[in-house]
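Colleague: 3D, please:
(2 chains)
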Amino acid sequence: DGGITQSPKYLFRKEGQNVTLSCEQNLNHDAMYWYRQDPGQGLRLIYYSQIVNDFQKGDIAEGYSVSREKKESFPLTVTSAQKNPTAFYLCASSTPLRVVNTEAFFGQGTRLTVV
Amino acid sequence: RKEVEQDPGPFNVPEGATVAFNCTYSNSASQSFFWYRQDCRKEPKLLMSVYSSGNEDGRFTAQLNRASQYISLLIRDSKLSDSATYLCAVNDYKLSFGAGTTVTVRA
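Modeller: Prediction:
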């Protein structure tokens, strides 16, 4: 089955701890993205990567870090510097953005709760 | 100004009605546009892509107006199952999303 897998689905962490969210895709997509969604809000872009070993900050990168060592994988670390980490985190992938008809597909998301 | 802005709604319509709402974008270099559907507590799912002036898929029609920098989504003959939040996305070389438009179709 081709798709994007995020794990875990639910994650609980204590305040002050770093936590890493997993995102793996087997769609052979070059581009991958991380978004954050708060209740009743839209998607805000945290980081995106258009190619292996390269990534760019999105609109709300502070307190987050990413790596893109493999094409299939784009893990997101929520650090203790992130002031309000409790949210729904969504990973997506697509063909390159320079391609006009690129379409992005999402994983099922990770609900992170920091207590 | 936000990169992508949407009518927030909520739009509350009876079954069988037509509902339409807009999404404006700020980057005139944006090259492609999308409508996603998101159900409560689920991931967004691609509904339609819009590359030229518009696209139609069954009861759903998306239109693009590059001069005024907006896209619209029209749903004809609304079904109860159309109740969802509709997210507009813009390929401005980093894939930006609007905050969503909530549609509720009532019996």
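Colleague: list the contacts of residue 69.
Modeller: Using chain A. A:52-53 (CB atoms under 8 Å, 6 or more residues apart in numbering or on different chains). Yep, even glycine has a C-beta here, placed from its N, CA and C like the rest.
Colleague: I was after chain B.
Modeller: Residues in contact with B:Gln69 (CB under 8 Å, 6+ apart) are B:24-26, B:28.
Colleague: who wins on neighbours among the residues you listed?
Modeller: Most neighbours among the contacts of B:Gln69, by other CB atoms under 10 Å in any protein chain shown: B:Tyr25, with 23 neighbours.
Colleague: who in chain B is up against chain A?
Modeller: B:6, B:31-32, B:34, B:41-46, B:49, B:51, B:87, B:89, B:91, B:93-100 (CB under 8 Å from any CB of the partner chain).
Colleague: count the residues that sit near the closest residue to A:Val52 other than its chain neighbours.
Modeller: The shortest distance from A:Val52 to any non-neighbouring residue, by CB to CB, 6 or more residues apart in numbering or on different chains, is to A:Lys71 (5.2 Å). Neighbours of A:Lys71 under the rule other CB under 10 Å: 18.
Colleague: tell me the spacing between A:Lys71 and A:Gln37.
Modeller: 25 Å (CB to CB, to the nearest Å).
Colleague: now the closest residue to A:Phe55 other than its chain neighbours: how far from chain B?
Modeller: Nearest residue to A:Phe55, sequence neighbours excluded (CB to CB, 6+ apart): A:Ser49, at 3.9 Å. As for A:Ser49, its distance to chain B is 11 Å (criterion: CB to the nearest CB, to the nearest Å).
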